[in-house]
Structures are given as structure tokens and as C-alpha cells.
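Engineer: Next input, structure requested:
(one chain, ligands or ions: 2)
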Amino acid sequence: MEKTLLLLKPSAIQRGLIGEIISRIEKKGLRLVGIKMMQLNDDILNEHYAHLQHKPFFQNIKNSMMATPIVATCWEGVGAVEVIRLMTGVTNSRLALPGTIRGDFSMSVTENIVHTSDSPKTAITEIKRFFKDEELFDYEMASLGYLYAKDEFNP
Ligand code: IDP
Ligand code: MG
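Structural biologist: Residues are numbered from 1 along each chain as shown. Ligands and ions are numbered 1, 2, ... in the order given. Take a look at the predicted model:
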């Protein structure tokens with residue numbers, strides 16, 4: 001099944017939103033397969049935000065991501081990348097729709113609460129960046145038969 005990365009940024013930690021956000025994803029029906037607290041540094045952020053390295057705000061983003069530890073989470077489900085991306089909302093939180101994480105909890109572009117992988121290909125690279133193989137778990141989810149119909153997911 002598809003996996004995706006969700007990082008709770010320092011803005012989520014400082015705003016007291018860790019539980020709320022994890023709870024939303026849990027209730028939606030994704031399976032939590034990895035979770036840990038980490039202090040990010042320049043090296044990992046240069047890699048993670050390489051697509052923004054020439055932007056004038058690059059250092060600001062990195063500083064924002066290093067301000068406190070973050071909580072890295074990995075989730076699994078059918079179409080997990082798209083589902084969590086939709087639940088995240090657009091980058092500029094002021095334009096993110098109500099009901100999304102950014103739309104409900106943030107007024108900022110930079111301090112926008114979460115990072116979420118934007119495609120299945122990116123998700124694979126990003127999960128490897130933040131989790132070792134042994135930090136990801138495979139276990140039976142008792143609710144699976146009620147989360148999906150047999151023609152949607154049949155292990
Ligand atoms: P995403 O997080 O919605 O995928 P990206 O374009 O990948 O957005 O940008 C990564 C992060 O960089 C954003 O979540 C946001 O924190 C920050 N960022 C992106 N664009 C801007 C900007 O124009 N000004 C300030 N910060 C930005
Ligand atoms: Mg992105």
C-alpha cells in the first residue's frame with residue numbers, strides 16, 4: 001500500500017497541534033507506520049528543500065524548520081499521498097480551504113504547520129530521508145475490513 005511522509009513543523013509543536021493533527025489523520029483511516037521526534041539541521045534541509053534553494057526566503061524556511069524539534073510521521077493507505085495532501089491544503093495557509101489542516105490552523109505561508117509529500121515518487125525519497133527501514137512498522141490493522149471494500153483493498 002502507498003506510504004507518505006507528514007512532518008509536524010515547529011509551528012505545529014509551538015501551537016500545541018501535534019495531537020490534533022495526528023488525530024485527524026488517524027480518524028480518516030490511515031495507518032501510522034512510523035513516528036519520531038527529530039532536530040533538523042542544515043544538511044537534511046538543504047536536501048529536503050533543494051527545489052527552493054534559489055529562493056530569497058530559503059534561509060528563512062530552514063531557520064523556521066530548525067527552530068524546535070519536529071515530529072516526523074509516516075502513514076499508509078490507498079492513495080495515501082493524495083489523501084493527506086488534500087487534507088493539508090495549499091501552501092499559503094490564508095488561501096487553504098476550511099477543513100484542511102492549513103486552512104483551519106494557520107495564517108502563514110512559511111509557518112504552515114505541516115509538510116506533506118506531493119507525489120508518490122517524492123514520498124518514497126522523503127520517507128527514506130527521514131526514516132530508517134527499522135523505524136517503519138508493519139502490523140495488522142484490525143479495522144481494515146471496514147476501512148475499505150474488498151474491491152478497493154484486498155491484502
Ligand atoms: P508545500 O509545503 O505546500 O509542498 P513547497 O512549495 O514545497 O510547498 O514549499 C515548501 C515550504 O517552503 C512551504 O511549506 C513553506 O513553509 C515554504 N514556502 C514556500 N513558498 C514560500 C514563499 O513564497 N514564502 C515563504 N515561504 C515559502
Ligand atoms: Mg512541497
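
Engineer: okay, and the helix or strand of the protein with the least pLDDT?
Structural biologist: Within the chain, confidence by mean pLDDT, DSSP states H and E is lowest for helix 144-147 among all helices and strands, at a mean of 94.

Engineer: for the protein, what spans make up the strands?
Structural biologist: Using DSSP state E, the strands of the chain run over residues 2-8, 31-38, 70-77, 114-116.

Engineer: Point out the residues in this protein that sit beside ligand 1.
Structural biologist: Tyr49, Leu52, Phe57, Ile61, Thr91, Val109, Thr110, Asn112, His115, Asp118 (Cβ under 6 Å from any ligand atom). Quick note: C-beta positions are derived from backbone N, CA and C, even for glycine.

Engineer: Any chance you could list what contacts stretch 103-122?
Structural biologist: Residues outside stretch 103-122 that contact it (Cβ atoms under 8 Å, 6 or more residues apart in numbering): 2, 4-12, 15, 17, 20-21, 48, 57, 60-61, 64, 81, 84-85, 87-89, 91-94, 96-98, 101-102, 123, 126-127.

Engineer: Pull out the buried residues from those.
Structural biologist: Buried members of those, scored by 16 or more other Cβ atoms under 10 Å, are 2, 4-12, 15, 17, 21, 48, 61, 64, 81, 84-85, 87-89, 93, 96, 101-102, 123, 126-127.

Engineer: one step back: can you convert the strands of the chain into a markdown table and add a column each for mean pLDDT?
Structural biologist: Compiled in a markdown table, the strands of the chain are given as follows (pLDDT from 0 to 100):
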| stretch | mean pLDDT |
| --- | --- |
| strand 2-8 | 98 |
| strand 31-38 | 98 |
| strand 70-77 | 98 |
| strand 114-116 | 98 |
